[in-house]
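J.: From the sequence below, what's the structure:
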Amino acid sequence: MAERASHPPVLNQATVSDSVDFSNAQLEHFFVPHVPDLLTSHYGAIVQLLLRNNALADLSALGLGYLPNLEVLDLAHNRFRGSLSEGVLPSAVQRLDISHNRFTNISGLASCHSLRHLNVAHNALKVMVRTTMMALAWDFLISFFCL
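T.: Below is the predicted model of the structure:
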């Protein structure tokens, strides 16, 4: 049986510019400051992080707070479960795909005021807090009519 990588491979597999892609890398762990060759000076330039199709399970351990300008985050097809805590995602996130995980509660998204596109398909949602979805819908409507 092949072992899964515990740390991200060097960035010859990922692209560093405004996008970092570690999709399909068989990752069980990912922490932004531990990515080789991803210098602190690049953190502010990253607007897209793709981590889909891995084996990640701890959203709070990703170190997403190091990416203040992150707008697109793809975490689909991982092993996340339970509640999505408030403050775990950077407030700049506009597009979020957390489909095909085991989240049961996404009320923590209420603090994501920039969120415009959300995919939560194929989760185990038990708590769909109305106020969370109303807040997201209201923010979207405001941004739509202010264009």
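
J.: so is the residue nearest the centre of the chain in a helix, a strand, or just coil?
T.: Note on the chain: the residue nearest the mean C-alpha position is Leu73, at 4.0 Å, using C-alpha atoms, centre = their mean. Assigned by DSSP: H, G, I helix; E, B strand; the rest coil, the conformation of Leu73 is strand.

J.: how near is it to Pro90?
T.: Noted for Leu73: a distance of 8 Å to Pro90, by C-beta to C-beta, to the nearest Å. Where C-beta positions appear, they are placed from N, C-alpha and C, glycine not excepted.

J.: Show me whatever sits in contact with both of these two.
T.: Leu64 (C-beta atoms under 8 Å, 6 or more residues apart in numbering).

J.: before we move on, back to that, which pLDDT value belongs to the residue nearest to the centre of the chain?
T.: Listed pLDDT for Leu73 reads 98.

J.: quick one: contacts for it?
T.: 48-49, 51, 64, 89, 93, 95-97.

J.: and it, bridged to which residues?
T.: Leu49, Leu96 (DSSP bridges).

J.: Report the separation between it and Lys126.
T.: From Leu73 to Lys126 the distance is 23 Å (C-beta to C-beta).

J.: One more: Phe30?
T.: 26 Å.

J.: And Asp21, by the same measure?
T.: Asp21 is 32 Å from Lys126, by C-beta to C-beta.

J.: So if I had to pick from the two, which one is more boxed in?
T.: Remark: of Asp21 and Lys126, Asp21 carries more neighbours, 17 against 9, as counted by other C-beta atoms under 10 Å.

J.: For the closest residue to that one other than its chain neighbours, give me its contacts.
T.: Excluding its sequence neighbours, the residue lying closest to Asp21 (C-beta to C-beta, 6 or more residues apart in numbering) is Leu50, at 4.3 Å. Neighbouring residues of Leu50 by C-beta under 8 Å, 6+ apart: 19-23, 72, 74.

J.: export those residues to JSON lines and tack on secondary structure?
T.: Formatted as JSON lines, the contacts of Leu50 follow (three-state DSSP):
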{"residue": "Ser19", "secondary structure": "strand"}
{"residue": "Val20", "secondary structure": "strand"}
{"residue": "Asp21", "secondary structure": "strand"}
{"residue": "Phe22", "secondary structure": "coil"}
{"residue": "Ser23", "secondary structure": "coil"}
{"residue": "Val72", "secondary structure": "strand"}
{"residue": "Asp74", "secondary structure": "strand"}
